[in-house]
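Undergrad: next comes the sequence, and after it the predicted model I'd like to discuss.
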Amino acid sequence: MNIQAVDIQELDFTYTNPYHKCFSGLNLQINKGDRFGLFGPNGAGKTTLMSCMTGLLSFNSGSIHLLGIDLKKNPKEVKKLIGFVPQDLAFYQELSPKENFEYFGALSGMDKQSIKTRSLELLDILGLTEMKDKAVHTFSGGMKRKVNLAIGVMHNPSLLFLDEPTVGVDIQTRHIIINFLKELNAAGTTLVYTSHQLSEAQELCTNIALIYEGKIIEHDTLENLFQKHKEKSLEGLFIKLTGKNYQEVDV
């Protein structure tokens, strides 16, 4: 039996204050090995859905299985297998990259030697070696994004969630991050990604889902969707299917 990276069945989620029903009976499957993009206009629910998939929000009913494991029943087991790179910087700014890697590596259950080896590898790949002992609060925005990404992949997750991983970075840093993500995927890590950089998304993603008003309105490979809707860009596809420009804020 082929186990999917993500299997969401009949998902219901409601915000209580103020009351807002976000999803009702939502279904979504993501195959292992995909570079998967999740997109939607303002208020569609993509960030909420990613928060449910990563365990940050508890859903009302339905089920989410990640790599064949029930997220609600076995959250600790799931967390060992997944990584999350949030849009908000999630590390200690007064610490150095090396110190942050040591802390978050230990938090994920890695031993000291594995942390040391993986830290040196990530520092080299992401161009942070010369800054490894300096406080992160002195870094540029792009360098902070690299640290944020490195923390999310310290434990070599099999499934990686990325929420706006390149927001606010320059072209060179974006290129480094996207190439690194492609290399992770080639090595076997499934990517679930969302961004407002649609040209970047088109470069990275092989499969996508579009969410509109709490429902999945399309889910296929980019190539198939372009052919089906006679579009050549993700931006054009998005506008055609939703009637909206892609906006900067979501729930």
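TA: Happy to help now that I have it. Numbering: from 1, shown residues only.
Undergrad: any chance you could map the helices in this protein?
TA: Using DSSP state H, the helices found in the chain span residues 46-53, 75-81, 97-107, 112-125, 141-153, 171-186, 198-204, 222-229, 234-242.
Undergrad: so for the fourth one, mean pLDDT?
TA: Averaging pLDDT along helix 112-125 gives 96.
Undergrad: other residues contacting it?
TA: With contacts defined as Cβ atoms under 8 Å, 6 or more residues apart in numbering, helix 112-125 is touched by 97-98, 101-102, 105-106, 110, 128-129, 132, 150, 153-156, 180. Every C-beta, even on glycine, is put in place using the N, C-alpha and C of the backbone.
Undergrad: same thing but 6 Å
TA: Helix 112-125 is contacted from outside by 101-102, 105, 129, 132, 150, 154, using Cβ atoms under 6 Å, 6 or more residues apart in numbering.
Undergrad: okay, which residue is most central for the chain?
TA: The residue lying closest to the centre of the chain (Cα atoms, centre = their mean) is residue 162, at 1.8 Å.
Undergrad: tell me the pLDDT of it.
TA: Confidence score, pLDDT, at residue 162: 96.
Undergrad: partners of it in the sheet?
TA: residue 85, residue 193 (DSSP bridges).
Undergrad: ok, it touching residue 192?
TA: No. In this structure residue 162 lies outside contact range of residue 192 using Cβ atoms under 6 Å: 7.0 Å.
Undergrad: ok, how many other residues are close to residue 126?
TA: For residue 126, the count of nearby residues is 20 (other Cβ atoms under 10 Å).
Undergrad: grab the nearest non-local neighbour of it.
TA: Of all residues not flanking residue 126 in the chain, residue 146 sits nearest, at 4.4 Å (Cβ to Cβ, 6 or more residues apart in numbering).
Undergrad: residue 60 too?
TA: Nearest residue to residue 60, sequence neighbours excluded (Cβ to Cβ, 6+ apart): residue 12, at 4.5 Å.
Undergrad: go on, residue 129?
TA: Nearest residue to residue 129, sequence neighbours excluded (Cβ to Cβ, 6+ apart): residue 123, at 4.6 Å.
Undergrad: what of residue 28?
TA: Using Cβ to Cβ, 6+ apart and skipping the chain neighbours, the partner closest in space to residue 28 is residue 8 (4.4 Å).
Undergrad: and the pLDDT at that neighbour?
TA: Taking residue 8 on its own, its pLDDT is 97.
Undergrad: what's the spacing between the nearest residue to residue 31 once chain neighbours are set aside and residue 30?
TA: Excluding its sequence neighbours, the residue lying closest to residue 31 (Cβ to Cβ, 6+ apart) is residue 4, at 5.8 Å. As judged by Cβ to Cβ, to the nearest Å, residue 4 and residue 30 stand 6 Å apart.
Undergrad: could you check which of the two is surrounded by more residues?
TA: With neighbours defined as other Cβ under 10 Å, residue 4 and residue 30 compare such that residue 30 has more, 22 against 18.
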